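**Student:** Here is the input, now give the coordinates:
(2 chains)
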Number of protein chains: 2
Amino acid sequence: MEYPSKLIEEAVNEVAKLPGIGKKTALRLVLHLVKENENRTTLLTEALRNLRTNIRFCRICHTISDNDECSICRSHRRDRSMVCVVEESQDVMAIENTSQYTGLYHVLGGVISPMNGVGPNELKIETLIDRIDRAAGEVKEVILALSPTMEGDTTAFYLHKKLNPFAIRISSIARGIQVGGNLEYTDEVTLGRSITGRTLFN
Amino acid sequence: MEYPSKLIEEAVNEVAKLPGIGKKTALRLVLHLVKENENRTTLLTEALRNLRTNIRFCRICHTISDNDECSICRSHRRDRSMVCVVEESQDVMAIENTSQYTGLYHVLGGVISPMNGVGPNELKIETLIDRIDRAAGEVKEVILALSPTMEGDTTAFYLHKKLNPFAIRISSIARGIQVGGNLEYTDEVTLGRSITGRTLFN
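**Tutor:** You can find the predicted model right below:
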C-alpha cells in the first residue's frame, strides 16, 4: 500500500501494532481521525497517555488500580478467607461482572511458559506465598482460575506444590460444557472433564 | 462493565468512539498498552497527534498530503488531460494501487446527502469547476468515480449539470459484476446495469 503522506504511514504503522488490527483497519481508523475534529484526537491521545503514565497496580493483589491499594483489597465487605488466583487484571473484571464471588484476588501477570521465557520468577508467585504466610490462618481457600491450557495447568501444578505446606484448601474453577452449549459440538477434552468432574444432584 | 480504574474507563471510552471498535475491543487494546512498554504508548500517541496537527490537504485536489501540493499534482509524469473525481482520499489510494490510472484527482470530501445536511457547498465542487475553468482546454475528460448509492448518483448528476458548459468528456467508472463474481449471486440492480452497460468485443 502506498500512502499519500509520511504522517499517515507512521500513524498506520503504530496503530497496526495493536492486537487484532491490520493495516487496512489501521488506515480506516487513522483517516477517521483526520476527518474528525482535531479535539477528538487530542482527547484520545491524552486519555491513552494519561492511562499509561498514571496507571498503578495494587501492591497487594497486583490488579490495575488508581491507587496503591485497589478497591477490592481495601473493601470491608469482601470475604478475606478466599483468594482467587488469576492471570491478568481482565480476569478480575470478568469474575467481578458475574457477581458470584465476594473474596479477594491475586493477579499473577501471566502463566509459566518456558516457550515464551516466562518462569515462576517472572510472575507474582512469591508475593502470593508471602500473602498467605502473613495472613496466617485468615485465608482458608485459594481458588485457581487459570486458563485451561498446558501453561495454565503447569502453573496450577506449580502453585499447588508451593501452597501445599499451608493448611488451606486449594481449588480450581470448574471445567465443563458452557451454559447454553451443545454436547455434540463440545471438544472431547472438555466433554471428558465434564464427565469426570460431574456434580451430584443430591 | 465495571472498570477497576477511572483511567482505564476514560481510555476505553475514547478508543470505543473509533468506528467499528466496541467497548470489549477497546478494553483489550487498552489493556494491551498497559502491559506493553510505556514507550509503545508514547510512539502511538505521538504518531496520532503529529498526524492530526501537521496533516495538510493538497490545495489543488484536496487529497491528504504532507505538503501544500500533493505528489500527484506536482508530478510531471501524470496525464493532465484527465481528472478523476472521488469522495475521499482513501479512494485516491485505492485507485493508485490499481496502477491503471495516470491522470489527476479531485477529492470532493463526501457526497451530496440532504439527510446528513451535506449540500453542494459543503463539498469541494466550486474548486473543481474553477480548476476546469482555469485549465481551459487542458482537461479533456472528467471521470466520476463515486459510490453507486443514491447519494453518489445525485452528486454525479449535479456535477454533470455543472460541468456540462465545458467542452469536456464526462464519464463514470463502469458498474458491473465483480471480477471473479458469480452471475447467480449478483443483485438485480448490478446485473441490470451490467447488461445495459455491456461492452462490445469488437
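**Student:** How is chain A divided into domains?
**Tutor:** A:6-54, A:79-172 (automatic domain parsing).
**Student:** Take those and lay them out in JSON lines including mean pLDDT.
**Tutor:** Listed next are the domains of chain A as JSON lines, based on pLDDT from 0 to 100:
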{"stretch": "domain A:6-54", "mean pLDDT": "92"}
{"stretch": "domain A:79-172", "mean pLDDT": "90"}
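**Student:** so which of those domains gets nearest chain B?
**Tutor:** The closest of the domains of chain A to chain B is domain A:6-54. By CB to the nearest CB, the value is 3.9 Å. Just so you know, the C-beta spots here come from the backbone N, C-alpha and C atoms, and that holds for glycine as well.
**Student:** quick one, what contacts A:Lys124?
**Tutor:** The contact partners of A:Lys124, taken as CB atoms under 8 Å, 6 or more residues apart in numbering or on different chains, are A:62, A:106-109.
**Student:** what separates A:Asp91 from B:His160, distance-wise?
**Tutor:** Taking CB to CB, to the nearest Å as the measure, A:Asp91 falls 59 Å from B:His160.
**Student:** So which of those two has more stuff around it?
**Tutor:** Neighbours were tallied for A:Asp91 and for B:His160 using other CB atoms under 10 Å in any protein chain shown; the higher tally belongs to A:Asp91 (19 against 13).
**Student:** What backbone torsions are found at the more buried one?
**Tutor:** Dihedral pair for A:Asp91: phi -70, psi -40, per degrees, to the nearest 10.
**Student:** tally of neighbours for the closest residue in space to it that isn't next to it in sequence?
**Tutor:** Once flanking residues are discounted, A:Asp91 sits nearest to A:Ala145: 6.5 Å by CB to CB, 6 or more residues apart in numbering or on different chains. The local packing of A:Ala145 (other CB under 10 Å) involves 20 other residues.
**Student:** How about the one 3 residues further on?
**Tutor:** When neighbours are counted by other CB under 10 Å, A:Pro148 registers 13.
**Student:** and it, what is it in contact with?
**Tutor:** Contacts for A:Pro148 (CB under 8 Å, 6+ apart) come out as A:175, A:190.
**Student:** hmm, 6 Å instead?
**Tutor:** For A:Pro148, the contacting residues are A:Arg175, by CB atoms under 6 Å, 6 or more residues apart in numbering or on different chains.
**Student:** which bits of chain A sit near chain B?
**Tutor:** A:2, A:4-7, A:10-11, A:14, A:18-19, A:29, A:31-32, A:34, A:38, A:41, A:43-45, A:47-49, A:51-52, A:54-55, A:63-66, A:90, A:96 (CB under 6 Å from any CB of the partner chain).
**Student:** Excluding chain neighbours, give the residue nearest to the spatially most central residue of chain A in space.
**Tutor:** Note on chain A: the residue nearest the mean C-alpha position is A:Glu88, at 2.1 Å, using CA atoms, centre = their mean. Take A:Glu88 and drop its neighbours on the chain: the residue closest to it by CB to CB, 6+ apart is A:Val107, 6.4 Å away.
**Student:** what packs against the lengthiest helix in chain A?
**Tutor:** Longest helix of chain A, by residue count under DSSP state H: helix A:38-54. Here helix A:38-54 touches helix B:6-15, helix B:38-54, going by 3 or more CB pairs under 6 Å, 6 or more residues apart in numbering or on different chains; DSSP states H and E.
**Student:** With mean neighbour count added, can I get the ones you listed in CSV?
**Tutor:** Converted to CSV, those look like this (neighbours: other CB atoms under 10 Å in any protein chain shown):
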stretch, mean neighbour count
helix B:6-15, 21
helix B:38-54, 18
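**Student:** Now distance to B:Ser113 too, for these, in CSV please.
**Tutor:** CSV is the format used below for these (distance: least, CB to CB, whole Å):
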stretch, distance to B:Ser113
helix B:6-15, 27
helix B:38-54, 25
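**Student:** count of neighbours near A:Leu146?
**Tutor:** Neighbours of A:Leu146 (other CB under 10 Å): 21.
**Student:** Tell me how far the nearest residue to it once chain neighbours are set aside lies from A:Ala16.
**Tutor:** Counting by CB to CB, 6+ apart, A:Leu146 lies nearest to A:Gly152, which is 3.8 Å off, once chain neighbours are set aside. Distance of A:Gly152 to A:Ala16, computed by CB to CB: 29 Å.
**Student:** Over to A:Thr199?
**Tutor:** A:Thr199 is 46 Å from A:Ala16, by CB to CB.
**Student:** Repeat that for A:Val189.
**Tutor:** Distance check for A:Val189 against A:Ala16: by CB to CB, it reads 35 Å.
**Student:** Have a look at the two and say which one is more surrounded.
**Tutor:** Between A:Val189 and A:Ala16, counted using other CB under 10 Å, the more crowded position is A:Ala16 (16 against 10).
**Student:** Helices of chain A, start to end?
**Tutor:** For chain A, applying DSSP H gives helices covering A:6-15, A:23-35, A:38-54, A:71-74, A:89-98, A:126-135, A:150-163, A:188-196.
**Student:** Which of the ones you listed sits closest to B:Glu184?
**Tutor:** Smallest distance to B:Glu184 across these (CB to CB): 28.2 Å, for helix A:23-35.
**Student:** now the angle from the closest one to helix B:38-54?
**Tutor:** Here helix A:23-35 runs at an angle of 50 degrees relative to helix B:38-54 (axes from the mean of the first three to the mean of the last three CA atoms, to 10 degrees).
**Student:** ok, the closest residue to A:Leu108 other than its chain neighbours - contacts?
**Tutor:** In space, and not counting its chain neighbours, A:Leu108 is closest to A:Leu123: 4.5 Å by CB to CB, 6+ apart. Shown in contact with A:Leu123 (CB under 6 Å, 6+ apart): A:108-110.
**Student:** With neighbour count and distance to A:Lys23 added, can I get these in CSV?
**Tutor:** Output for those, formatted as CSV (neighbours: other CB atoms under 10 Å in any protein chain shown; distance: CB to CB, whole Å):
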residue, neighbour count, distance to A:Lys23
A:Leu108, 24, 34
A:Gly109, 16, 30
A:Gly110, 16, 28
